[in-house]
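Participant: Dropping the sequence and predicted coords here.
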Amino acid sequence: MSLTTFRSLSARDRALVAVAVLIDGNDGRIYLDFDAEKSEELKRAAGELCALEVDARVAFVGTVLRLALEEGE
């Protein structure tokens, strides 16, 4: 599984996608519809995350959120 789209996002957008997927799994893409400029890219990235096995996805998302916070400091 490729995470190319997800990895190409800014730290803020990676965190946004990660939270949406963490909260609602596949349905997390619904939250990303509200971004007028990047909704398709964000939903594609969410799909990449959702394709991961659940245990791997949760661990990966936790790491992504921690790294995004560190980048934002």
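Facilitator: Great, that's in hand. Numbers count the residues shown, from 1 in each chain.

Participant: drop to CA atoms for contacts and neighbour counts, all remaining ones
Facilitator: Fine.

Participant: In this structure, mark out all the helices, start to finish.
Facilitator: With helices called from DSSP state H, the chain shows them at 4-8, 11-24, 29-32, 39-50, 54-72.

Participant: Make a markdown table out of these and add mean pLDDT and mean neighbour count.
Facilitator: Below are the helices of the chain laid out as a markdown table (pLDDT from 0 to 100; neighbours: other CA atoms under 10 Å):
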| stretch | mean pLDDT | mean neighbour count |
| --- | --- | --- |
| helix 4-8 | 93 | 15 |
| helix 11-24 | 91 | 20 |
| helix 29-32 | 90 | 18 |
| helix 39-50 | 94 | 21 |
| helix 54-72 | 88 | 14 |
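
Participant: Tell me which residue is most central in the chain.
Facilitator: Nearest residue to the geometric centre of the chain (CA atoms, centre = their mean): V17, 2.8 Å.

Participant: And for that one, nearest residue in space, chain neighbours not counted?
Facilitator: A46 (5.8 Å; CA to CA, 6 or more residues apart in numbering).
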